[in-house]
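A.B. asks: structure of the sequence below:
(chains A and B)
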Amino acid sequence: MAIAINKGLSLAHDIYEDRGRRVRELRKAGRKTIGYICLYPPVEIITALGMVPFRIFGNMSEPITLADQVSTTVVCPFLRSIIDLGMKGKFDFLDGVVGAHTCDIGAGIIIQWRDYVKDTPFTHLIDVPHTDHPPAVEYFAGQLNSFKRHLEEHAGQKLTDDKLKKAVELHNTQRRLVRQLYDLRKPDPPLLTSAENLEVMVALFSLPVEEGNDLLEDVIKQVSERSDRPGRKKARLLVWGPVFDNTSLFKLIESAGASVVVDDTCVGTRAFWADVKAPYDLQALAQRYLVDIKCPRTYRQAEPAETRRDYDKDLDSRFNYIRKAVVDWNVNGAVLQSVKYCDTHGYEVPNLRHYLDTLGIPSIYIEHDYSERSLAPIKTRVEAFVETLG
Amino acid sequence: MSETAAPTKTEQKRAINRLKSMYPLRNLVQQDYIDTLQASSEGKPTVWSMLNYWEGDLPLKAMGLNIVYPENYSTLLASTGTAEPFLDASDSDGFPTHMCGYGRSTIGYSYRMMKELGGKIPPEAPVGGMAKPTLLLGSGIICDARFKWFQALGRYFDAPQWCLEMPMMPTFEGSEPDLEEYQVKFLTREVKAFIEFLEKLLQKKMDWARLEELIDLAVRIHETTWQISELRQSVPGPMHSTDFWSSMPPSLFFAGDMKVALKLYQDMLSEVQDRVNNKVAAINYPEKYRIVFAELPPWHSLKFFDSLAEKGWNFVYESYGYHAPKPPDLNKTSDPCEKLARLARNFIFNIHEHARADNISNPLVEQYLRIARGFKVDGFFLHPLISCRAASAGLRSVQEFMLRKLDVPTLWVEGDIIDKRVFNPQETLARAEAFEQTMDHYRKVRQSKGLGW
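C.D. replies: Below you'll find the predicted structure:
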């Protein structure tokens, strides 16, 4: 009897359930592992230096216990969960951690890591400017150079142009494959569920890029040929917001009679939509990360230094990628979700809802504290919302 | 001492021994609101600005613009008990309730002005209100809300916006030798871009000579306030935190006429020096405990500090984020944009440099350890805020380091800058009584360890 090789969605599910498994194996085999928080540390530099990038998430199922000794409860519970897990030794397979000033609390998490999560040989914080002004992009490229130099010391090798180019090509390939995977949710019904999709995304953040690309190719082939497709639902939704790394919310929405067909979150499209453009140098990385990633943490305007401001034009300049997603994925409703105490997303909510109104897309805003238990009260609201989309 | 109003009889009875020189400084900010209303009524441009640590204040002033600071105005809303309806208005327009109290009250004010009153100032607004802005100046320093909430105000105002940049100095990454010049270069370019934007917006050229004059005044103001801060290390503490908060706007965002402000701060320096020479305390009771307040105060309940003063609690220092550090030497450059870059960057750089030297990751912790030693502090009053991440996130670390490194205990009192419903003065007073025993205990511990106070 042939032994079944675990691949495709099954492999993604297994990695989702035990994210550190493959990274621990690789570390045992001599590879260095570098954890990173949020989207802004450039994984290409880590990959190019022969290390394994591993995106650090919290754990919505595990109560925060130790972190409350070192952090107030009125800050982002996702980041508190990360520190909590770190203090409990759950990231002991990492040789280093990289953070970025994606938000003020996000920047502070590296400071807390240094003080309270012991035995991480390498830590680095990248300063990310608040705007996409041209001097800011140049400054950010300098920050990436600083990170590169620091990581080179840790790696014991220099980053050559050729190594960086190869790494960028691998990660751009991954981004292209992810976009192909998302295309499979354009049909009605979609070919895979949002929970399955999220498991693949989380797996990608837990594997070396080459293995992630293999996984994606397998998943795309498997899903394209599958006979057990999800059923047609009455609503096709877009989910927006900051990090959501757990399938529970997607399962909750889909159990309410809707399909989540596309997202704008940093575990989904936001992480993969923009490629690094040639010539694949640090300036190109700065452009990709600071300008092309559409996260509310960066201040953008319709026109640089505009002396007249038009509200609708401003909204369209900031959110027109969502309009495109609404059209391309045939969306008829949106769920705006945010973890509590997220300032960068919170201030967007009424304006984004207004923008969606102008597109004729009804929306709902839900807030949670990054725990599975906090989702239970949301269920009724989501069900009522889906009902209205009839 | 000169041109300072004599305290009234009511004030003489107060537990806190207010500085006479504080009152005219406090009044300067109110004049800004009045002037801005006048300018607006004459059709002149007016600015709503975030605190920006001097990077943007001085170009605005040099261009002759009238400025108000919604963060400051929110403290007025809180202290006059008029904030709650504006908070409710923000909530009703769909903004999450856990956002910054300053932001929510400004959003609610804007909603009321533009959606309910057709652009008129809400009649219930204290000190005549804030005039409708023709420019919104956000800032990336200290917290994300500073640019996100102004961006969100586009919902109510079609005023153009600008977001000032400020590098965030990671403590250890900041040790790279070329970092300072690289950051100064970035900030200088940003300041130039901002000035070009102002020139385009206002259709007039920057008055560079005026800007130079204002930079010079700024440095002299900060040198003076820094000297006042240094004097406050004296025992008994000569200046109470409430006096600092009342008098800080002309230093923190250059409220009022800067020449007048400089003279008034010089008066304050003289008065504080007199108190130090004569061992006059900032409270009218024997100083039993020297306390530091971190970080932002409950603006709605400042009278609460009288009750603590009656118990001999002297708040000798406070709110590091409100203090201008000793200004840098700006004579190295003749470029006013670079001078502004260096002046603004110094606020952040200064604290990280100290932290790095002490091998401490968190600059807030290092700053307060230094203050605890220098000011011979018996305890910290930590005030985590329900609506402010930036001023609350590091306080657990302050608490933990303070006890572990210096045997200085902390009183943890949850509250808010704006929303008085989450602050319980009676319960806090009861806890303060118990905390006195804790401070007594640790005073003995420190003495037994030879810590010096």
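A.B. asks: packing partners for the lowest-mean-pLDDT helix or strand in chain A?
C.D. replies: Ranking every helix and strand in chain A by mean pLDDT, DSSP states H and E puts helix A:104-116 at the bottom, with a mean of 92. Contacts defined by 3 or more Cβ pairs under 8 Å, 6 or more residues apart in numbering or on different chains; DSSP states H and E place helix A:104-116 against helix A:77-87, strand A:96-100, strand A:122-126. Heads up, the C-betas are built off the backbone N, CA and C, glycines and all.
A.B. asks: looking at those, which is nearest to chain B?
C.D. replies: Set against chain B and scored by Cβ to the nearest Cβ, these come closest in strand A:122-126, at 4.0 Å.
A.B. asks: that closest one close to chain B?
C.D. replies: Yes. Counting by Cβ under 8 Å from any Cβ of the partner chain, chain B is contacted by strand A:122-126 at A:His124, A:Leu125.
A.B. asks: which strands border that strand, and is each parallel or antiparallel?
C.D. replies: strand A:96-100 (parallel) (DSSP bridges).
A.B. asks: mind putting the helices and strands packed on helix A:104-116 in a markdown table, mean pLDDT and mean neighbour count included?
C.D. replies: Formatted as a markdown table, the helices and strands packed on helix A:104-116 follow (pLDDT from 0 to 100; neighbours: other Cβ atoms under 10 Å in any protein chain shown):
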| stretch | mean pLDDT | mean neighbour count |
| --- | --- | --- |
| helix A:77-87 | 97 | 25 |
| strand A:96-100 | 97 | 26 |
| strand A:122-126 | 96 | 23 |
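A.B. asks: low-confidence stretches in the chain?
C.D. replies: The chain I'm using is chain A. A:1-4 (pLDDT under 70).
A.B. asks: my bad, chain B
C.D. replies: Those would be B:1-13, if you go by pLDDT under 70 across chain B.
A.B. asks: which residue is nearest the middle of it?
C.D. replies: B:Tyr322 (3.2 Å; Cα atoms, centre = their mean).
A.B. asks: surely B:Pro409 and B:Asp440 touch.
C.D. replies: No. Counting by Cβ atoms under 8 Å, B:Pro409 does not reach B:Asp440; the two are 10.0 Å apart.
A.B. asks: returning to what we had before: quick one: closest of the helices and strands packed on helix A:104-116 to A:Ile45.
C.D. replies: In this view, the helices and strands packed on helix A:104-116 are compared for proximity to A:Ile45 by Cβ to Cβ, and strand A:96-100 is the closest at 9.1 Å.
A.B. asks: between that closest one and helix A:104-116, how many degrees?
C.D. replies: Angle of strand A:96-100 versus helix A:104-116, following axes from the mean of the first three to the mean of the last three Cα atoms, to 10 degrees, is 150 degrees.
A.B. asks: quick one: strand A:96-100 to chain centroid distance?
C.D. replies: 15 Å (Cα atoms, centre = their mean, to the nearest Å).
A.B. asks: how about stretch A:294-301?
C.D. replies: Taking mean C-alpha positions (Cα atoms, centre = their mean), stretch A:294-301 and its chain are 15 Å apart.
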